[in-house]
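Peer 1: Got a predicted structure here, sequence first:
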Amino acid sequence: MSDLAFDCVACGACCFSRHPRYLVLLPEDQARIAPDALPADSLFEEGGRSFVDFSCGQCTHLGLETGQALCAVYDHRPEACRAFRAGSFECQKAIRANGVMGEKVRAVPAA
Ligand code: SF4
Ligand code: SF4
């Protein structure tokens, strides 16, 4: 399948997870991201590391209101998000697991 088939704004699957520690900030993020670029209430600390809040089954920075999957902090998004390539094995795995627009995650109520 061509990469052209993978439209992130129409997908957003990799921005969903029921795993609370799905998205960790790496040391590169701590060094690069301005302190106020990711609001403190969008993060939590555990074991000396910072994680982005996924408590509602999706990234707290993901906006779906327009019918598109839009990252509210795109210019400041963590390294893990930057490294996630549309059309990659991990991308296709996320789509299979979570569904387009996270439909499979959203179908399961939070525990
Ligand atoms: S799962 Fe793939 S196509 Fe979907 S938003 Fe993530 S990188 Fe883009
Ligand atoms: S920071 Fe942006 S790109 Fe990364 S998981 Fe959250 S919404 Fe998706």
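Peer 2: Received, thanks. Being a predicted model, the structure only gives us computed values, none of them experimental. Ligands and ions are numbered 1, 2, ... in the order given.
Peer 1: of all the residues in this structure, which ones are close to ligand 2?
Peer 2: Residues of the chain lying near ligand 2 by Cβ under 6 Å from any ligand atom: 15, 23, 59, 61-62, 71, 73, 77, 81. For the C-beta atoms, the positions are set from N, CA and C on the backbone; glycine is no exception.
Peer 1: mind listing which of those residues are in strands?
Peer 2: Among the residues of the chain next to ligand 2, the ones falling in strands (DSSP state E) are 62, 71.
Peer 1: Most neighbours out of the residues of the chain next to ligand 2, which is it?
Peer 2: residue 15 (29 neighbours; other Cβ atoms under 10 Å).
Peer 1: dump the residue contacts of that residue.
Peer 2: Residues near residue 15 by Cβ atoms under 8 Å, 6 or more residues apart in numbering: 58-59, 61-62, 69, 71, 81, 102.
Peer 1: Make JSON lines from those and add pLDDT to it.
Peer 2: Shown next, in JSON lines, are the contacts of residue 15 (pLDDT from 0 to 100):
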{"residue": "58", "pLDDT": "97"}
{"residue": "59", "pLDDT": "98"}
{"residue": "61", "pLDDT": "97"}
{"residue": "62", "pLDDT": "98"}
{"residue": "69", "pLDDT": "97"}
{"residue": "71", "pLDDT": "98"}
{"residue": "81", "pLDDT": "97"}
{"residue": "102", "pLDDT": "96"}
